[in-house]
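# A predicted structure for the sequence below; I have some questions about it.
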Amino acid sequence: MLETVARSSRPDGAAAIGQRLDRMPITSMHRRLTAVIGVGLLFDTFENNLSGTISKVLQEDFAFGGTTLKLVLASAFIGQFIGSLVLGRVADRFGRRRAFLVNLALYSGFSLLGAFSPNAAWLIATRFLAGIGIGAEQTLSDCYLADVLPARKRGRYTAWAYTLAFCGVPAVGFAALWLVPLTPLGIDGWRWLFVIGSLGSAVVWILRRRLIESPRWLATNGRLEEAERLVAEMEALVPAENRVSTSAPVDHEVPAPTERASAAKAEATVADGVRPGDARPGLPMIFQARYRRRTLMLWVFSVLSVFGYYGFGSLAPQILAAKGYDLVAGLGFTALSFLGYPIGSALSLPVIDRFERKYLVVASTAAMVVTGMGFAYAGSAVLVVAFGFCYTLASNIFSNVSHVYLAEQYPTAFRATASGTAYSLSKLSAAALPFVLLPVLDAHGPGMLFAVITAAMAALAATVLALGTRTTGASVDPE
């Protein structure tokens, strides 16, 4: 009876669903959903770093030249460009959960086919098709977590998902170091790496069949009864001593906004102006006056961020080869450097909800620039590994903050479409990276390569400072 009275006093509609989700403490369901998303992202990061990690091995095995190498590295990112665009729209139209199942099926199937590549053309084709599935993974994960997590814990638990995810980066580095010199069952070791990624994503597909649909998405699309049922199930998991604040009317129980949340609202970081019951908004919404500034900022951000992030992750073995290290030593140094990915992600946990995210983006960008130049000019193995480790550490603080920041810019009704469009530009930029950076590396060496990366990251930081809005602590729902 008390629960019925409490519910009757809540505001009606999708806004009430969002408010109830935002004031809810973290429950066992939140933790389970975060873990399932994180495991999926783990295999996404494994796959994203696979081609770059074994690029020298592939080049030797198939005896292809520089142009084919660039196509191998670029093919998955071109596929990801398409996947980010298409499956983001699928997620807004048909639901987050359904889009997850489509992207994982594509990724798993074509990654397995890639393991049987008889030539470079087959490898390029399968990497492209697998990329269509991979490209949507981060977009869908970011939007889903933004949908279901409370505003005050959104950054921290998204960072937990990515901390789990980025264990996949050193995993691929050490797996390559172990398997590449071997031929288990008479099959080249690098092919087993594709099999591992494919089977892992198949397991994640099974796990994600049990994901709940986003209650915000359901409510925004008029399915309020389903949204109400799911939120009620989540509220039932709240400990008894906290349940009053979870079920009480919004006007009396929502904590007063913090100073930074108030600033965020003043800058319209929540997606104002889109109300439940409006006609289904499409991509043109992101060009309306209220969103134009954030869209410009995010598009510039997406294009430039890959220079710093994938510029190192994809080309580290090539950079080490240019510095004179052989294949095995290069794989070993790369694997050790990649340990910084999960550690950096973990270091973002205590700060991501405490400090304004736009400033965290800028600070981590500066750290990447300093450590990247150190890596370029390092003259010993110890310094190479140390600067490589510090670079990947800084880059994953940058990455975690970026993922949360991007997903906070638009409302539920078109969040995945808008975010997917921005992500797609990053994938297109990543596809162009080998054609831009490898010639610089070949002609001028690691120092000039990182000078180009530094220029791109400086432009990114300036854009975020000038155009970025405050989001830390603000709701992703319009009021």
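Looks like it arrived, so ask away. Numbers count the residues shown, from 1 in each chain.

# do you know how far the nearest residue to Phe450 once chain neighbours are set aside is from Gln19?
Leaving aside its chain neighbours, Phe450 sits nearest to Ala376 (4.1 Å; criterion: CB to CB, 6 or more residues apart in numbering). No exception for glycine: its C-beta is placed from N, CA and C like everyone else's. Distance from Ala376 to Gln19, counting by CB to CB, to the nearest Å: 49 Å.

# ditto for Met29
Taking CB to CB as the measure, Met29 and Gln19 are separated by 18 Å.

# out of these two, which sits in the busier spot?
Gln19 (21 against 17; other CB atoms under 10 Å).

# tell me the SS of that one?
Counting by DSSP: H, G, I helix; E, B strand; the rest coil, the backbone at Gln19 sits in helix.

# state the distance from it to Gly173.
44 Å.

# next, the contact list for Met223, please.
Let me fix one detail, which is that residue 223 is Arg and not Met. Under the criterion of CB atoms under 8 Å, 6 or more residues apart in numbering, Arg223 has no contact partners.

# mind redoing it with 10 Å?
By CB atoms under 10 Å, 6 or more residues apart in numbering, the contact set of Arg223 is Ala14, Gly95, Glu213, Pro215, Trp217, Arg229.

# what would those look like in JSON lines with distance to Ser305?
Shown next, in JSON lines, are the contacts of Arg223 (distance: CB to CB, whole Å):
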{"residue": "Ala14", "distance to Ser305": "32"}
{"residue": "Gly95", "distance to Ser305": "28"}
{"residue": "Glu213", "distance to Ser305": "30"}
{"residue": "Pro215", "distance to Ser305": "30"}
{"residue": "Trp217", "distance to Ser305": "27"}
{"residue": "Arg229", "distance to Ser305": "39"}
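
# of these, which belong to helices?
Ala14, Pro215, Trp217, Arg229 (DSSP state H).

# which neighbouring elements make contact with whichever helix or strand Leu465 is part of?
Leu465 is located in helix 446-467, with elements delineated by DSSP states H and E. On a contact count with 3 or more CB pairs under 10 Å, 6 or more residues apart in numbering; DSSP states H and E, helix 446-467 meets helix 289-313, helix 316-322, helix 357-377, helix 381-407, helix 415-444.

# quick check: the gap between Ala16 and Arg223.
Taken as CB to CB, the span from Ala16 to Arg223 is 14 Å.

# could you list the low-confidence segments of the chain?
By pLDDT under 70, the low-scoring segments of the chain are 1-12, 52-53, 56, 240-283, 313-314, 327-328, 477-479.

# identify the residues contacting the residue nearest the centre of it.
Centrality entry for the chain: nearest residue to the mean C-alpha point is Gln138, 3.9 Å, by CA atoms, centre = their mean. Gln138 makes contact with 40-41, 44-45, 48, 80, 84, 162, 165, 399, 403, 406-407, 419-420, 423, 426-427, according to CB under 10 Å, 6+ apart.

# give me that answer again for 6 Å
With contact set as CB atoms under 6 Å, 6 or more residues apart in numbering, Gln138 has no partners.

# got phi/psi on it?
phi -70, psi -40 (degrees, to the nearest 10).

# any idea how far Asn400 is from it?
In this view, Gln138 and Asn400 are 11 Å apart by CB to CB.

# in the helix holding Leu465, what's buried?
Neighbour-count burial for helix 446-467 flags 446, 449-450, 452-454, 456-457, 460-461, 463-464, 467 (criterion: 16 or more other CB atoms under 10 Å).

# same deal with stretch 200-212?
Gly200, Ser201, Ala202, Val204, Trp205, Arg208, Leu211, Ile212.

# doesn't Gly40 make contact with the fourth one?
The reference is to Val204. Yes. Val204 lies in contact with Gly40 (CB atoms under 6 Å); the separation is 4.4 Å.

# how many neighbours does the residue nearest to Phe450 have?
Per other CB under 10 Å, the neighbour tally for Ala376 reads 22.

# for it, give me its contacts.
Pro446, Gly447, Phe450.

# against Val172, how distant is Tyr309?
Distance from Tyr309 to Val172, by CB to CB: 15 Å.

# out of the two, which sits in the more crowded spot?
When Tyr309 and Val172 are compared for neighbours, Val172 comes out ahead with 26 against 22, by other CB under 10 Å.

# name the element that one belongs to?
helix 168-179.

# the next helix-or-strand element following that helix - contacts with which helices or strands?
Once helix 168-179 ends, the next helix or strand along the chain (criterion: DSSP H and E) is helix 189-208. On a contact count with 3 or more CB pairs under 6 Å, 6 or more residues apart in numbering; DSSP states H and E, helix 189-208 meets helix 28-48, helix 96-114, helix 168-179.

# can you give me the offset of the second one from its chain's centre?
Its chain's average C-alpha position is 16 Å from that of helix 96-114, according to CA atoms, centre = their mean, to the nearest Å.

# quick one: buried ones out of the contacts of Arg223?
Ala14, Gly95, Glu213, Pro215, Trp217.

# what's the most distant pair in the residues you listed?
Ala14 and Gly95 (14.8 Å; CB to CB).

# mind saving the C-alpha coords of the helix or strand where Val57 lies as CSV?
Assigning secondary structure by DSSP H and E places Val57 in helix 55-62. The C-alpha trace of helix 55-62 is given here as CSV (Å, rounded to 0.1, in the frame of the first residue of the first chain):
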residue,chain,number,x,y,z
SER,A,55,50.9,-5.9,-38.2
LYS,A,56,54.6,-6.8,-38.6
VAL,A,57,53.7,-10.5,-38.4
LEU,A,58,51.0,-10.2,-41.0
GLN,A,59,53.3,-8.2,-43.3
GLU,A,60,55.9,-10.9,-43.1
ASP,A,61,53.5,-13.8,-43.4
PHE,A,62,51.7,-12.5,-46.5
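
# what are the buried residues along that helix?
Ser55, Lys56, Val57, Leu58, Gln59, Asp61, Phe62.
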